[in-house]
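[1] Provided below for reference: sequence and predicted model.
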Amino acid sequence: MSAHSPATGCTDTPVLRERGQREVFCGLTGIIWLHRKMQDAFFLVVGSRTCAHLLQSAAGVMIFAEPRFGTAILEEKDLAGMADANAELDREVARLLDRRPDIRQLFLVGSCPSEVIKLDLSRAAERLSAAHGPKVRVLNFSGSGIETTFTEGEDACLASMVPALPTTEAKELLMVGALPDVVEDQALSLLGQIGVGPVRCLPAKRAAMDPAIGPNTRYALTQPFLGDTHSALQRRGAQHIDAPFPFGAEGTTLWLKAVAAEFGISPETVDQVVAAPRARAEKAIAAATETLRGKRVFFMPDSQLEIPLARFLTRECGMQAVEISTPYLHTTIHRAELALIAPGPTISEGQDVDLQIDRVRAARPDLTVCGLGLANPLEAEGLATKWAIELVFTPVHFYEQAGDLASLFARPLRRRALLAASHPNRMEAAE
Ligand code: SF4
């Protein structure tokens, strides 16, 4: 692992900005992990059969209980303006809430079709909140693929919640970002041992546990794609804790130290508390590093996790980054990460997919992190790939998951090495 230095790293690296065709999932995808996290929420997509199919296939076989998401399908007569879509939406919502008395929060989720016909879901949410509140709070956000990448769905959802949260003057830590329960529990346990508290989470598991916000709230993001939520919290007067993200042993330690400092707790106290889990994480990362060390990685823009993950792979796993590309570069929330990445890689924002594929072909990296749609064609050209979406669906934050995070990148390289050993002629043909 490289030493943490006060150097500015890639902070001043000129950013290559591209605004061409993009290949990413839409923001509806976030509903898959959000509905598991928020146990009394329901996500009602106001969209088309395509939207319903996307959700069904993404959630797939994982639904064992009655799902907490659905699609109110806009039919042709709605799209043609021949029916009152608002009246139909009100009827659907009333029927849903009648059938599901456990629902406390209802999110109306906009899609490409609802945006195209300019259905005003914020007014619908106000109207439906008045009709079904205070028992049920109705909010809205957009998951439309016209403008959003897949992790922006979570950002838009959390940002829609912030204005409705109650007010407090208490000094509390707000941990922001939907983490799997087991990971959230680990983080809360570490923070408790360090002496940080009280700690609240956004999103909370249930509406009754929603945090309050005020000028003494200190918030730390656990996901690098929460730019709008960050702005909404700033508007409520909450104070951001600037830190790298809790990926890997180093990132987790720096995140915890930044949080601890806000609560007057020394870095030495953090070091004492985290010594054992940190050592476990470093050992687990070292096992995967045998495969990763010296390999070149190219990030295409997809999950918005690219910058922190490039920092993790270059500093803790010995990889070399060729290009680190992200859909959006949030300078405020990525600053601490960029400062840790050694100068050298191209930093790019947005995508012009053909131009970027040309750069991948020219660089021939050992590993390309990209969306599902690009992975197969690149594999066919003899390039190893990692699906970015797996990084969002797999628990990867904090110490206990650090080894799994490194392994996710090592696996395609090992598979390719095995294939090359067993079918040398076929691999040559592909390359
Ligand atoms: S929101 Fe748009 S991109 Fe997403 S599934 Fe629906 S139609 Fe497709």
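    Received the coordinates, thanks.
[2] can you list the residues of the stretch 101-250 of the chain near the ligand?
    Neighbours of the ligand within the stretch 101-250 of the chain, by C-beta under 6 Å from any ligand atom: 111-112, 143-145. Heads up, the C-betas are built off the backbone N, CA and C, glycines and all.
[3] in this protein, what residue is nearest the ligand?
    residue 145 (2.5 Å; C-beta to the nearest ligand atom).
[4] pLDDT wise, what is the residue nearest to that residue when sequence neighbours are not counted at?
    In space, and not counting its chain neighbours, residue 145 is closest to residue 26: 3.0 Å by C-beta to C-beta, 6 or more residues apart in numbering. Note for residue 26: predicted pLDDT of 89.
[5] same question, the one 5 residues further on
    pLDDT, residue 31: 93.
[6] and the residue nearest the centre of this protein?
    Central residue of the chain (C-alpha atoms, centre = their mean): residue 151, 4.8 Å from the mean position.
[7] does that residue really touch residue 229, like I thought?
    No. Using C-beta atoms under 8 Å as the test, residue 151 is too far from residue 229 to be in contact (11.5 Å).
[8] which residues of the stretch 301-431 of the chain score low on pLDDT?
    Per-residue confidence for the stretch 301-431 of the chain (pLDDT under 70) gives these ranges: 424-431.
[9] check the stretch 1-150 of the chain too.
    Applying pLDDT under 70 to the stretch 1-150 of the chain flags residues 1-7, 23, 60-66, 78-83.
[10] and the helices in it?
    Along the stretch 1-150 of the chain, counting by DSSP state H, counting those that start in this stretch, helices occupy 31-37, 49-59, 76-79, 85-99, 112-116, 121-132.
[11] mind putting these into TSV with mean neighbour count?
    Shown next, in TSV, are the helices of the stretch 1-150 of the chain (neighbours: other C-beta atoms under 10 Å):
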stretch	mean neighbour count
helix 31-37	20
helix 49-59	17
helix 76-79	14
helix 85-99	15
helix 112-116	20
helix 121-132	17
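[12] domain-wise, how is the chain divided?
    The chain resolves into domains spanning 15-22+277-430, 27-148, 173-262 when parsed by automatic domain parsing.
[13] now those domains as CSV including distance to residue 160?
    Shown next, in CSV, are the domains of the chain (distance: least, C-beta to C-beta, whole Å):
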stretch, distance to residue 160
domain 15-22+277-430, 18
domain 27-148, 4
domain 173-262, 8
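[14] out of those domains, which gets nearest to residue 155?
    Residue 155 lies closest, by C-beta to C-beta, to one member of the domains of the chain: domain 173-262, at 5.0 Å.
[15] what's the closest of the helices of the stretch 1-150 of the chain to residue 347?
    Going by C-beta to C-beta, the one of the helices of the stretch 1-150 of the chain nearest residue 347 is helix 31-37, 27.4 Å.
[16] who are the packing partners of the closest one?
    strand 41-47, helix 49-59, helix 152-161, helix 388-393 (3 or more C-beta pairs under 8 Å, 6 or more residues apart in numbering; DSSP states H and E).
[17] can you give me every residue that contacts the closest residue to residue 265 other than its chain neighbours?
    Distance criterion C-beta to C-beta, 6+ apart; nearest residue to residue 265, sequence neighbours excluded, is residue 195 at 5.4 Å. Applying C-beta atoms under 8 Å, 6 or more residues apart in numbering, we find residue 195 in contact with 260, 263, 265, 269.
[18] repeat the analysis, applying 10 Å as the threshold.
    260, 263-265, 269-270, 273 (C-beta atoms under 10 Å, 6 or more residues apart in numbering).
[19] in strands, which of those appear?
    Under the assignment DSSP state E, those contribute nothing to strands.
[20] okay, those in a markdown table with pLDDT, distance to residue 239 and neighbour count next?
    Shown next, in a markdown table, are the contacts of residue 195 (pLDDT from 0 to 100; distance: C-beta to C-beta, whole Å; neighbours: other C-beta atoms under 10 Å):
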| residue | pLDDT | distance to residue 239 | neighbour count |
| --- | --- | --- | --- |
| 260 | 98 | 15 | 21 |
| 263 | 97 | 12 | 16 |
| 264 | 97 | 14 | 8 |
| 265 | 98 | 16 | 17 |
| 269 | 98 | 21 | 14 |
| 270 | 98 | 20 | 25 |
| 273 | 98 | 23 | 19 |
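[21] what is the most widely separated pair among those residues?
    Maximum pairwise distance in the contacts of residue 195, criterion C-beta to C-beta, is 15.2 Å, between 264 and 273.
[22] mind checking the longest helix of the protein?
    The single longest helix within the chain, with elements called by DSSP state H, is helix 267-292.
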